[in-house]
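Asker: Make a model of this:
(one chain, ligands or ions: 1)
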Amino acid sequence: MLGHIARSLGRLQLLQSSLPSIRPVSTMALWPFSSQPRDFSQPNSTWSPEMCKVYDHYNTLCDTDTENKERKRAPWRKLPSYNRSIKYATGGIHLSKMIKAQARLFTRNIKEQGATFEYVVFVNKEEKRCVCVFQAGHLLEGAPGYVHGGAIATMIDTVTGTLAGFLSGPIMTANLNINYRNPMPLGSVVLIHSALDQIERKKQFITCKVTSTDESKLYTEATALFVSISVDHLFGSQN
Ligand SMILES: CCCCCCCC/C=C\CCCCCCCC(=O)SCCNC(=O)CCNC(=O)[C@H](O)C(C)(C)COP(=O)(O)OP(=O)(O)OC[C@H]1O[C@@H](n2cnc3c(N)ncnc32)[C@H](O)[C@@H]1OP(=O)(O)O
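Answerer: All right, here's what the predicted structure looks like:
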């Protein structure tokens, strides 16, 4: 997805002329960060044994580097998760400064680990689907003891949007339709399954189901529509 953003950047003459210079990150002489960006989807001490178990399960299905540095091909891929992904795309550091520099991804903006959204997304490109393992923290309360419907909607938007973006490049949510079937206790670990239903011109239709980790209980069902955008769409209504 970030590659798509970079390619879109390359096509935008208007943008290019307003940027000092865009060079691939790998050739930058002065990398402005002292350390690697933090990948928020790495396991941490607040992850429950259930969260760790499901994470390990999907992780073993993923592409890995073998001991002799060869890439073992596998159908699944774990996506990294940053608090401002655009910043780490090629040329994105300039774009990140131009679009509300203080902005941070809604689901990754709290320092206290485990308090809100702990999640990791695994994507299967061949099958055009993904699975997110989500642990809902105590600051996400809606009805007493249960996860807020807006927090669940946020995760559904994030996961379906990640899949649409991974498959098609820059997108925005046009429509989200949610049915809440069972209340989700705070602290739950759930799976958010998303799959591409169909593509029509700029439109990607995605289906989504939120279940218990053994898939026996259905919490939420949703459908989402994403529309592909060009990067200049992001500048359309900026003040
Ligand atoms: C951007 C980069 C993404 C990359 C991310 C980086 C790395 C990943 C990191 C972390 C992953 C996190 C992932 C998060 C995901 C969350 C995303 C959001 O929350 S987005 C915020 C909420 N959404 C809005 O604010 C949209 C507001 N609306 C708009 O801007 C426009 O209306 C837009 C883009 C949706 C469509 O505008 P038009 O001008 O491009 O396209 P038109 O011509 O209007 O529509 C195209 C087709 O779509 C249909 N359409 C449009 N809106 C529809 C609707 N609401 N319902 C049904 N159809 C609709 C139209 O009828 C048309 O269909 P026909 O091709 O003619 O068949």
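Asker: Find the residue at the geometric middle of this structure.
Answerer: Closest residue to the average C-alpha location of the chain: Thr162 at 4.4 Å, with Cα atoms, centre = their mean.
Asker: name the element that one belongs to?
Answerer: Element membership for Thr162 (DSSP states H and E) is helix 149-168.
Asker: so what's the residue nearest to the centre of the chain closest to, chain neighbours aside?
Answerer: Leaving aside its sequence neighbours, Thr162 sits nearest to Val121 (Cβ to Cβ, 6 or more residues apart in numbering; 5.4 Å). Just so you know, the C-beta spots here come from the backbone N, C-alpha and C atoms, and that holds for glycine as well.
Asker: From what I see, the one you found and Gly161 are in contact.
Answerer: No. In this structure Val121 lies outside contact range of Gly161 using Cβ atoms under 8 Å: 10.4 Å.
Asker: neighbour-wise, which of these two wins?
Answerer: For Val121 and Gly161, the more surrounded residue by other Cβ atoms under 10 Å is Val121, and the numbers stand at 23 against 20.
Asker: my read is that one is in a strand, agree?
Answerer: Yes. Counting by DSSP: H, G, I helix; E, B strand; the rest coil, Val121 is part of a strand.
Asker: check contacts around it.
Answerer: Val121 makes contacts with Ser41, Lys78, Leu79, Ser81, Cys130, Val131, Cys132, Val159, Thr162, as judged by Cβ atoms under 8 Å, 6 or more residues apart in numbering.
Asker: Pull out the buried residues from those.
Answerer: Of all these considered here, the ones buried according to neighbour count by 16 or more other Cβ atoms under 10 Å are Ser41, Lys78, Leu79, Ser81, Cys130, Val131, Cys132, Val159, Thr162.
Asker: mind listing the helices for the protein?
Answerer: When secondary structure is read from DSSP state H, the chain shows helices at 2-11, 13-18, 49-59, 92-98, 149-168.
Asker: residues of the longest one that come out buried?
Answerer: Within helix 149-168, the residues that qualify as buried are 151-152, 154-168, counting by 16+ other Cβ under 10 Å.
Asker: what distance separates it from the centre of its chain?
Answerer: Shown here is helix 149-168, whose average C-alpha point lies 7 Å from the average C-alpha point of the whole chain (Cα atoms, centre = their mean, to the nearest Å).
Asker: Mean pLDDT per helix and strand in the protein: which one sits at the bottom?
Answerer: Confidence across the helices and strands of the chain bottoms out at helix 13-18, with a mean of 30, counting by mean pLDDT, DSSP states H and E.
Asker: what residue ranges in this structure are flagged as low confidence?
Answerer: Per-residue confidence of the chain (counting by pLDDT under 70) places the weak regions at 1-35, 65-67, 69, 237-239.
Asker: Also near the ligand: which of the buried residues of helix 149-168, exactly?
Answerer: Asp157, Thr158, Gly161, Thr162, Gly165 (Cβ under 6 Å from any ligand atom).
Asker: I'd assumed Val159 was in contact with the last one.
Answerer: No. With contact defined as Cβ under 8 Å, Gly165 does not reach Val159; the gap is 10.7 Å.
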